[in-house]
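S.K.: how would this look folded up:
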Amino acid sequence: MTKLVEHSDFSITDFWINYYNETITLIGILLIILLLCVFVIMRKKVKKQGYDLRESQFQEERYRILAELSNDIIFDYDIYSDQMVYSDKYIENFGRKSVIERFAELKEEMKYVYKEDAFAFENFCKQLGGEKQKIEAEYRMKRSNGDYVWCYVLGRTIYSKDSQVRPIRVVGKLSNIDIQKREVEKLQFKAEMDAMTRVYNKVATKERIDKFINNSRKQDKHALLIVDMDNFKKINDTFGHLKGDEVLKEGVGHLKNMFRGDDIIGRIGGDEFVVFMSNVTSREDIVNKAKSIGKAFYKTYSEGDQEVTVSASIGISIFPMDGENYEELLDKSDKALYEVKRNDKNGFCFYYEERKKL
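M.R.: Here you go, the predicted structure:
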């Protein structure tokens with residue numbers, strides 16, 4: 001019995017020793033396998049990172065080459081940081097830094113935008129980071145030499161990968177369209193101008209005035225004057241049409257010298273002109289202009305023993321009191337002009353008022 005018990009104790013101890021050794025061996029094998037797996041994974045990750053780095057470098061290099069080959073200026077706008085980055089051609093063309101912080105706040109670039117195009121530039125900046133996928137604008141920018149050039153800006157919005165409604169960047173191009181724009185302006189000028197007097201023709205006069213009125217506020221006040229040259233037919237009949245053309249050009253010259261660049265001057269008939277005075281501040285300003293026109297137009301022309309005196313009759317209407325568009329204002333001014341014409345001419349009259357002698 002004693003031997004059997006001793007033999008049984010030895011077998012159990014040996015079993016546990018063997019079990020422990022086998023367990024340690026198994027754990028070691030598992031650790032080796034785990035380390036091998038980690039090594040393989042890390043190697044793939046490092047390899048992928050290396051590939052991604054090379055791919056990123058390749059993309060940057062491709063972007064740089066494309067930017068150099070293109071005549072356009074490439075830009076990349078970060079919506080969250082409000083940072084605009086232009087390609088190097090921006091420096092070449094405008095002589096300013098190509099990275100602009102707080103771009104949409106308009107503090108940096110606005111001072112280089114042509115004054116009349118400020119609204120177009122502001123509207124472009126407002127659309128950055130908005131819902132529109134395609135953003136376009138045209139405005140004039142100041143170059144390093146002080147000249148302004150027409151630019152066309154086209155941008156495409158990029159959205160976050162996890163959300164197609166969350167914009168993160170806008171990429172696009174800025175193109176110099178100055179030559180094309182000026183050619184269009186030349187063609188438009190030819191189409192809109194009266195060939196002889198070089199002021200707006202009848203159609204362009206209406207379009208320009210209506211456009212200005214449509215952009216006006218209710219509190220704005222403008223004046224529309226019809227200027228009719230008295231006795232102009234006698235000039236043609238007495239001295240010929242060449243002399244008549246000279247008299248017309250002389251009269252238009254006076255009008256151009258009297259009015260601002262914002263005012264609109266147009267020829268709507270043989271000896272009849274329209275002057276649209278924008279943003280008038282007082283009735284006195286209009287009266288003074290009417291009197292100045294009368295003095296400038298009043299002149300006696302003579303050849304030999306023949307002479308003809310030319311003067312001006314002027315009918316005046318006020319926006320918005322007398323009309324809210326060109327046709328209404330023209331009709332009221334024409335009625336006022338009629339009052340002047342039937343009372344010895346050479347004077348001016350506001351709609352619904354008595355004629356005033358010049």
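
S.K.: residue boundaries of the helices in the chain?
M.R.: 2-69, 89-94, 118-127, 178-192, 202-214, 232-239, 241-258, 283-297, 326-341 (DSSP state H).

S.K.: could you give the mean pLDDT of the third one?
M.R.: Taken as a whole, helix 118-127 has a mean pLDDT of 92.

S.K.: list the buried ones in that helix?
M.R.: 121-122, 124-125, 127 (16 or more other CB atoms under 10 Å). All C-beta spots, glycine's among them, are computed from the backbone N, C-alpha and C.

S.K.: Report the two of those separated the most.
M.R.: Comparing every pair within the buried residues of helix 118-127 by CB to CB identifies F121 and Q127 as the most remote, at 11.0 Å.

S.K.: Next up, the contacts around E101.
M.R.: Each residue near E101 by CB atoms under 8 Å, 6 or more residues apart in numbering is listed here: 81-83, 108.

S.K.: Sorry, slip of the keys, the one I care about is D72.
M.R.: D72 touches 89, 173-175, counting by CB under 8 Å, 6+ apart.

S.K.: now, which of those residues lie within strands?
M.R.: 173-175 (DSSP state E).

S.K.: Give me the distance between the nearest residue to Y80 once chain neighbours are set aside and D194.
M.R.: Nearest residue to Y80, sequence neighbours excluded (CB to CB, 6 or more residues apart in numbering): I168, at 7.0 Å. As judged by CB to CB, to the nearest Å, I168 and D194 stand 53 Å apart.

S.K.: residue ranges with poor pLDDT in the protein?
M.R.: Low-confidence segments of the chain (pLDDT under 70): 1-26, 28, 35-36, 38-40, 42-70, 163-164, 353-358.

S.K.: Could you dump the ones in strands among the contacts of D72 into CSV with neighbour count and distance to Y159 added?
M.R.: Listed next are the ones in strands among the contacts of D72 as CSV, based on neighbours: other CB atoms under 10 Å; distance: CB to CB, whole Å:
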residue, neighbour count, distance to Y159
K173, 18, 19
L174, 22, 22
S175, 17, 24
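
S.K.: Let me know the closest of the residues you listed to S333.
M.R.: Checking these against S333 with CB to CB, the nearest one is S175 at 43.8 Å.

S.K.: thought that closest one was touching W150?
M.R.: No. Judged on CB atoms under 8 Å, S175 makes no contact with W150 at a distance of 9.3 Å.

S.K.: In contact with the most centrally placed residue in the chain: list those residues for me.
M.R.: Geometric centre of the chain, nearest residue: A120, 2.7 Å, by CA atoms, centre = their mean. Taking CB under 8 Å, 6+ apart, we find A120 in contact with 137-139.

S.K.: Also L106?
M.R.: Neighbours of L106 in contact, by CB under 8 Å, 6+ apart: 121-122, 125.

S.K.: in stretch 171-187, what's buried?
M.R.: For stretch 171-187, using 16+ other CB under 10 Å, the buried residues are 172-176, 178, 181.

S.K.: Give the burial count for the closest residue to K221 other than its chain neighbours, as a bare number.
M.R.: Spatially, and ignoring its direct neighbours in sequence, K221 is nearest to V280 (5.3 Å; CB to CB, 6+ apart). V280 has 17 neighbours, counted by other CB atoms under 10 Å.

S.K.: thinking again about what came up before, redo the buried residues of stretch 171-187 as JSON lines? Include distance to K243.
M.R.: Listed next are the buried residues of stretch 171-187 as JSON lines, based on distance: CB to CB, whole Å:
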{"residue": "G172", "distance to K243": "58"}
{"residue": "K173", "distance to K243": "56"}
{"residue": "L174", "distance to K243": "53"}
{"residue": "S175", "distance to K243": "50"}
{"residue": "N176", "distance to K243": "47"}
{"residue": "D178", "distance to K243": "42"}
{"residue": "K181", "distance to K243": "39"}
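
S.K.: Closest to K256 out of those?
M.R.: K181 (24.4 Å).

S.K.: Hmm, the closest one is touching Y139, no?
M.R.: No. In this structure, K181 is not within contact of Y139 by CB under 8 Å, at 10.7 Å.

S.K.: Need the residues touching each of these two.
M.R.: W150.

S.K.: Give me the domain ranges for the protein.
M.R.: 1-69, 73-177, 193-357 (automatic domain parsing).

S.K.: Would you tell me which one of those domains is buried the most?
M.R.: Greatest average neighbour count among these goes to domain 193-357 (a mean of 17), per mean count of other CB atoms under 10 Å.

S.K.: for the protein, which strand is longest?
M.R.: Max-length strand for the chain by DSSP E is strand 306-319.
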